[in-house]
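1. just need the structure, nothing else, for what follows:
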Amino acid sequence: MAKDYNGSPKPHHLETKRKRLTWILAVSGLCILFYVLGTWQSTNPAPSGQSDVWERVGCQDGSPDQKGKPDLSASQSSSSSSSSSSSYTSPLLSTPLDFESHHQLEVNSSEELQNFPPCDMSYAEYTPCQDPNRGRRFDRKFLKYRERHCPEKEELLRCLVPAPPNYKAPFKWPQSRDYAWYANIPHKHLSVEKANQNWIQFEGDRFKFPGGGTMFPRGADAYIDDIDELIPLSNGSIRTAVDTGCGVASWGAYLLKRNIIAMSFAPRDTHEAQVWFALERGVPAMIGVMGSQRLPYPARAFDMAHCSRCLIPWYEHDGLYLIEVDRILRPGGYWILSGPPIRWKKYWKGWERTKEDLKQEQDSIEDVAKRLCWKKVIEKDDLSVWQKPINHIECIKSKAIYHTPPMCKSDNADAAWYKDMEACISPLPDVSNKYEVAGGSLEKWPERAFTVPPRISGVSVPGITIEKFRDDNEVWKKRVAHYKRVVGSLGQGQYRNIMDMNAFLGGFAAALAEYPVWVMNVVPANSYPDTLGIIYERGFIGTYHDWCEAFSTYPRTYDLIHADGVFSTYQDRCDITYILLEMDRILRPEGTVIFRDVVEVLVKIKSLTDGMRWESRILDHESGPFNPQKILVAVKSYWTAEAKE
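-> Modelled structure (predicted):
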């Protein structure tokens, strides 16, 4: 027999339900009556709307007082990391709210009640949609075998991906920038292969990241200083960056102290676990490759793009990959290239290529850049910098001379989920004169985070008004303040890598901007309206994704996941059981999930997570008990795979 959260038999008789409903209505009626009679009028002016009523009606008998709510964050128990079973002590001390008796809704999931077993240890590093074994079935041309290829329904795992034996809580930021536990990512290959380039060093029970790179032997900090002498990195005009073929993402790691946030990506297994190391360090990164498909980012997203010996054939396929960089660069954005073929006259012997070959490659890159209407800013020492025009007035005129690549026609430049690259230039929005920035200019960081983005002020995103943007900011300030009360240590370093599964306008990330965290803002693929471009204009990063599939990351790479309305959105599209199993895969042991949804959906989610070694409790909405939406806070318990003899 199904049971409620207190272990009592779930009521099935109509009479019992009627009695409960009568009791609830009676209590609610008394609350409303007291309110109407003006019991609290002396201390509370009349509410302005229904949401205000939810916030201020004081009938909360039986629900935990805010001041007495427990800290729902898990303690970091690295001292118990050798245990093969949970040594986690539950912080969920209060009695959860019992909604199951009063709310019934069919939700698309394949199991009613189930305890999910651990997967075999061979799956500890499983990346479902970038599985090297599955990738071998696909064409190597355009690196298709390294692109996303997700498992079929019958291949989906119904088990929990285990952490390796001796797994420890990662170092806290900013120490994590320089150190990671060997037990968490037991791969020494890079420390040997790149030993002379200072990518990574192995020291006892940990890795050290000196900040080196193939093209910056003096360290990423000095390398970025060199870039700063060529383009303005320090005045707030450059905020978002993309690093193609990022290695262990030291470039992105050292940009952070300059208030520049980089989306770093590299394919799985080009160099063993490179993206995994980046995320373990607390640095934004994804598994990804420039292959046959567009990168999962909107047009005009990044202020700066970077390639340091990333080995991408920029001039091949009619300049297809530079054309894709042009699509995602903002008007006036910079492209930085170091490594072959730049400064080939000095390095050609070490690169084991002929002078003629390297000269031809650089000439070809210069030609593609010119056809894209980019301007060569400077070439100095190992660095070469180009700049995209601020609009396409002159570029359109130049097409009389440079016929290729043509301007794209009838194309949604933001479309980027499983969409093939095209050898045409994504046209910029129209302008009235050659000095106007296409699509609108941006404020400098940090004002940019809360200034109305041009895509909203220019009414280019349907249904998103200036008023809605400002209201959304206020809502998220209140919500994050509430989260600080129910999720401990939010601003104290316990959480570093945060994911917002349904980011909308990026309000959650904006409200967290003062904390030492970064947020991967996910906008569900084919959302209407598409808001990811707005998030980038605010100075945050994110990606398109379909939550019916696995995310492009390694296991155990996020500390906190935020799911606002995700399951209401997807419950008619795919089995929510697999979405929860995917969340478990990418969540670190003792990581936290905050679900926001209607009660019926949260009850179903809780019934599944109870079988996933998560501990959870349903809480009232921050505006009070009369709001139909509730919050489920869940913590993944600490457990690891058995150590083999």
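
2. and the lowest mean pLDDT element among the helices and strands of the chain?
-> The helix or strand of the chain with the lowest confidence, counting by mean pLDDT, DSSP states H and E, is helix 50-56 at a mean of 32.

3. pull out the buried residues from the next helix or strand after that helix.
-> Going down the chain from helix 50-56, the next helix or strand is helix 132-135, by DSSP states H and E. By neighbour count on 16 or more other Cβ atoms under 10 Å, the buried set for helix 132-135 is 134, 135. To be clear about C-beta, it is placed using only N, CA and C from the backbone, and glycine gets the same treatment.

4. starting at the chain centroid, how far to helix 132-135?
-> The chain centre lies 24 Å from the centre of helix 132-135; the measure is Cα atoms, centre = their mean, to the nearest Å.

5. for that helix, C-alpha coordinates in CSV please.
-> C-alpha atoms of helix 132-135 as CSV (Å, rounded to 0.1, in the frame of the first residue of the first chain):
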residue,chain,number,x,y,z
PRO,A,132,33.5,7.4,-27.2
ASN,A,133,32.3,3.8,-27.8
ARG,A,134,29.1,5.1,-29.5
GLY,A,135,31.0,7.8,-31.3
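
6. helices of the stretch 501-645 of the chain, start to end?
-> Ranges of helices in the stretch 501-645 of the chain, per DSSP state H, counting those that start in this stretch, are 507-511, 532-537, 566-570, 576-586, 599-609.

7. pipe these into a markdown table and attach mean pLDDT, mean neighbour count and distance to residue 239 per row.
-> Converted to a markdown table, these look like this (pLDDT from 0 to 100; neighbours: other Cβ atoms under 10 Å; distance: least, Cβ to Cβ, whole Å):
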| stretch | mean pLDDT | mean neighbour count | distance to residue 239 |
| --- | --- | --- | --- |
| helix 507-511 | 98 | 24 | 13 |
| helix 532-537 | 98 | 27 | 9 |
| helix 566-570 | 96 | 21 | 27 |
| helix 576-586 | 98 | 23 | 26 |
| helix 599-609 | 96 | 22 | 35 |
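
8. for residue 307, grab the count of nearby residues.
-> A count of neighbours around residue 307, defined by other Cβ atoms under 10 Å, yields 23.

9. correct me if wrong: it contacts residue 334.
-> No. Proximity of residue 307 to residue 334 does not meet the contact threshold set by Cβ atoms under 8 Å, at 11.8 Å.

10. so the biggest strand by length in the chain versus helix 576-586, what angle?
-> As assigned by DSSP state E, the longest strand anywhere in the chain is strand 587-598. Strand 587-598 runs at 140 degrees relative to helix 576-586, counting by axes from the mean of the first three to the mean of the last three Cα atoms, to 10 degrees.

11. restricting to C-alpha, output strand 587-598 in PDB.
-> The C-alpha trace of strand 587-598 is given here as PDB (Å, rounded to 0.1, in the frame of the first residue of the first chain):
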ATOM      1  CA  LEU A 587      25.300  16.400  -9.300                       C
ATOM      2  CA  ARG A 588      28.200  16.100  -6.900                       C
ATOM      3  CA  PRO A 589      27.800  14.000  -3.800                       C
ATOM      4  CA  GLU A 590      26.200  16.200  -1.100                       C
ATOM      5  CA  GLY A 591      25.100  18.600  -3.800                       C
ATOM      6  CA  THR A 592      21.700  20.300  -3.700                       C
ATOM      7  CA  VAL A 593      18.700  20.600  -6.000                       C
ATOM      8  CA  ILE A 594      16.000  23.200  -5.800                       C
ATOM      9  CA  PHE A 595      12.800  22.300  -7.600                       C
ATOM     10  CA  ARG A 596      10.000  24.900  -8.100                       C
ATOM     11  CA  ASP A 597       6.800  23.500  -9.500                       C
ATOM     12  CA  VAL A 598       3.200  22.800  -8.800                       C
END
